[in-house]
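Trainee: pasting the sequence and the predicted model now:
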Amino acid sequence: MEGLMRKTSKLVGLAGAVLALSLLAGCSSNEPDPAQRAVNAANQADQAAARADAAAQKSSAAAAQAQAAASRVEQAASDAKAAADRAEAIASKTMTEHHPMRHRRHRAAAEAAPEAPPAEAAPAPAPATP
């Protein structure tokens, strides 16, 4: 009976080993187990969040640059308007003040000047006798 027990236990041991190998072969297929899939999904989500954060920082920087450019354009427009206002004021003064004053000065100079030619002028040439 001992021989039969030995053969049976070897047979049961061998069947157990085959069963264990078949289970391991079924578990070691190409598909990852659920825990590994969860880790992979978490890694992908972390990478996507990092990319989204980088994109948000880039868009924030671009928005700040656009706002600074708009501020510079607004300042330039304000400076141009101020320069145009100053030019208009100068033109207005020039048109109203200088022209009438120039005429008055010429008129006053003409009234104050004597009719005789100035002494420094060369004498008129003598008429030619025929």
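Mentor: Ah, there it is.
Trainee: shaky segments in the chain?
Mentor: In the predicted model, the chain carries pLDDT under 70 at residues 1-29, 97-130.
Trainee: show me where it has its helices.
Mentor: For the chain, the helices defined by DSSP state H occupy 2-27, 34-93, 99-112.
Trainee: just checking, what packs against the longest one?
Mentor: I take that to be helix 34-93. Helices and strands touching helix 34-93, by 3 or more C-beta pairs under 8 Å, 6 or more residues apart in numbering; DSSP states H and E: there are none. Every C-beta, even on glycine, is put in place using the N, C-alpha and C of the backbone.
Trainee: could you find the closest non-adjacent residue to residue 40?
Mentor: Excluding the flanking residues, the one nearest residue 40 by C-beta to C-beta, 6 or more residues apart in numbering is residue 32, at 7.0 Å.
Trainee: for that neighbour, the count of nearby residues, please.
Mentor: Applying other C-beta atoms under 10 Å, we find 11 residues neighbouring residue 32.
Trainee: again with residue 72
Mentor: Residues near residue 72, counting by other C-beta under 10 Å: 10.
Trainee: perfect, I'm done here.
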